[in-house]
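In: Sharing a model prediction with you, sequence too.
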Amino acid sequence: MPDIKKFMDKSLSAVQSGAKSFNETVAPKIGKAVNDATESAGKAIADGSDKIASVGKNAKDTVMNQLDVNHDGNVDIVDIITLGLKTPGIKVNREQFLKKELTIHYDEETVKKAIAKTPVAAKIPAEDIDKIADAVIQYERYFVSGISTALGAPGGAAMVATIPADIIQYYGYMLRAAQKLMYLYGFPQIVSEDDETQIDSATMNLLVVAMGVMFGVAGANNAVKAMAKALGNGVEKQLMRRALTKGTIYPIVKSIAKWFGVRMTKEVFSGFFKKAIPVVGGVIGGGITYVSFKPCCERLKESLKDTKLSNANHKETKEESAIYEAIVQEIEE
């Protein structure tokens, strides 16, 4: 078997090089485009405090209009996931992803079995899966922080145009990382990269739960583990979709969504003024993104690596067991 550590080191070096190239070429163009598009807003600073206040109010309205996809007057996690999945490259094809990551290390039969079942079922060591997961997290982390820095570059009132893009890119890359991690640890295809239609409520709820785990929201971790156990015990994906839209899991989804609703409001509006710092805003924005992104991904990784799908010796909690039993009962009704 190839030395996976050497490969991971080489892969990480390639990611760092790619991120550096992105920040030196693409990122400045993004910043310039945003700055040019919002030049008139930036001039309000020079026109006095009344105009600044006006720009601030209009900025809030603009941000709300751009992020409130379902037009219910609130910016919530459903809006962010919907917008995030519309970003090119965010949807991940499970088969293509696993084939690309595993072919380098394993023979064709092992890769085929991992795709048809799960990496663990294909006898791929847990430590190898963990190393690939770490490389995935680092890869996404470099690129999301590079984009955040570029979008934060204009500073001042021009930030009104960058906030929606910054938020969508941040959560979009987090969604991409979440899909990859879930595939590595045994989950089936979540959303097809070729699917241009709006995702259904079951898929949305699964992603809400995954995001809940990433941010440490109460109940999310046990919900993911219970779903993994159900899948591991042979519950079909279609039946799981039913469980995601009613009964035990649905109140957990609603609770997570409520938590994110409060967070979204704070991020959108307080973030506007925090980032309205000329020039420095870009550096701070990228740095905060880089630091905060990894812990969120690590939470999901740690949850997924210890489930019925990924660990034969997994010991479930009472809460997880209760959710699982409820899922089975709901499916059988």
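Out: Yep, that arrived. Residues are numbered from 1 along each chain as shown.
In: Provide a complete list of residue ranges assigned to strands in the stretch 101-250 of the chain.
Out: With strands called from DSSP state E, counting those that start in this stretch, the stretch 101-250 of the chain shows none.
In: any weak-confidence spans in it?
Out: Residue ranges of the stretch 101-250 of the chain with pLDDT under 70: 145-166, 193-198.
In: where do the helices sit along it?
Out: Assigned by DSSP state H, counting those that start in this stretch, the helices in the stretch 101-250 of the chain fall at 108-116, 126-152, 159-184, 201-214, 220-232, 237-244, 249-275.
In: outside of stretch 221-235, which residues touch it?
Out: With contacts defined as CB atoms under 8 Å, 6 or more residues apart in numbering, stretch 221-235 is touched by 185-188, 206, 209-210, 212-213, 237, 240, 243-244, 249, 252, 303-304, 306-310, 316-317, 319-321, 323-324, 327-328, 331. All C-beta atoms are positioned from the backbone trio N, CA, C, and that covers glycine.
In: Could you find the closest non-adjacent residue to residue 206?
Out: residue 244 (5.8 Å; CB to CB, 6 or more residues apart in numbering).
In: circling back to that earlier point, filter the contacts of stretch 221-235 down to the buried ones.
Out: Buried members of those, scored by 16 or more other CB atoms under 10 Å, are 185-187, 206, 209-210, 212-213, 240, 243-244, 249, 252, 303-304, 306-310, 316, 320, 323-324, 327-328, 331.
In: that older thread, wait, the residue nearest to residue 206 touches residue 208, no?
Out: No: counting by CB atoms under 8 Å, residue 244 sits too far from residue 208 to count as a contact (9.4 Å).
In: With only the CA atoms kept, save stretch 215-223 in PDB.
Out: Extracted in PDB, the C-alpha atoms of stretch 215-223 (Å, rounded to 0.1, in the frame of the first residue of the first chain):
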ATOM      1  CA  PHE A 215     -21.700  24.500  15.100                       C
ATOM      2  CA  GLY A 216     -22.300  22.400  18.200                       C
ATOM      3  CA  VAL A 217     -26.100  22.900  18.400                       C
ATOM      4  CA  ALA A 218     -27.800  20.800  21.000                       C
ATOM      5  CA  GLY A 219     -29.400  17.600  19.700                       C
ATOM      6  CA  ALA A 220     -27.700  17.600  16.300                       C
ATOM      7  CA  ASN A 221     -24.900  15.200  17.200                       C
ATOM      8  CA  ASN A 222     -27.300  12.500  18.500                       C
ATOM      9  CA  ALA A 223     -29.500  13.000  15.500                       C
END
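In: Sort out which residues of it are buried, please.
Out: For stretch 215-223, burial by neighbour count (16+ other CB under 10 Å) applies to 215, 217, 219-223.
In: Closest one to residue 86 out of these, please.
Out: residue 215 (21.4 Å; CB to CB).
In: how near is the residue nearest to that closest one when sequence neighbours are not counted to residue 133?
Out: Nearest residue to residue 215, sequence neighbours excluded (CB to CB, 6+ apart): residue 296, at 6.1 Å. Residue 296 sits 13 Å away from residue 133, going by CB to CB, to the nearest Å.
In: do residue 69 as well
Out: Residue 69 is 30 Å from residue 133, by CB to CB.
In: who has more neighbours, the two?
Out: residue 133 (23 against 16; other CB atoms under 10 Å).
In: The more buried one touches residue 181, doesn't it?
Out: Yes: with contact defined as CB under 8 Å, residue 133 reaches residue 181; the gap is 5.7 Å.
In: what residues do those two have in common as contacts?
Out: Common contacts of residue 133 and residue 181, defined by CB under 8 Å, 6+ apart, comprise residue 301.
In: Convert the helix or strand hosting residue 320 to CSV, retaining C-alpha atoms only.
Out: Using DSSP states H and E, residue 320 sits in helix 318-332. C-alpha atoms of helix 318-332 as CSV (Å, rounded to 0.1, in the frame of the first residue of the first chain):
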residue,chain,number,x,y,z
LYS,A,318,-29.3,6.7,25.5
GLU,A,319,-30.3,9.8,23.5
GLU,A,320,-29.0,8.4,20.3
SER,A,321,-30.8,5.1,21.0
ALA,A,322,-34.1,6.8,21.7
ILE,A,323,-34.0,8.7,18.5
TYR,A,324,-33.1,5.6,16.5
GLU,A,325,-36.0,3.6,18.1
ALA,A,326,-38.4,6.5,17.2
ILE,A,327,-37.1,6.5,13.6
VAL,A,328,-37.7,2.8,13.2
GLN,A,329,-41.2,3.1,14.7
GLU,A,330,-42.1,6.0,12.4
ILE,A,331,-40.8,4.1,9.3
GLU,A,332,-42.9,1.0,10.2
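In: Please report how far residue 238 lies from residue 135.
Out: From residue 238 to residue 135 the distance is 32 Å (CB to CB).
In: That concludes my questions; thank you for your assistance.
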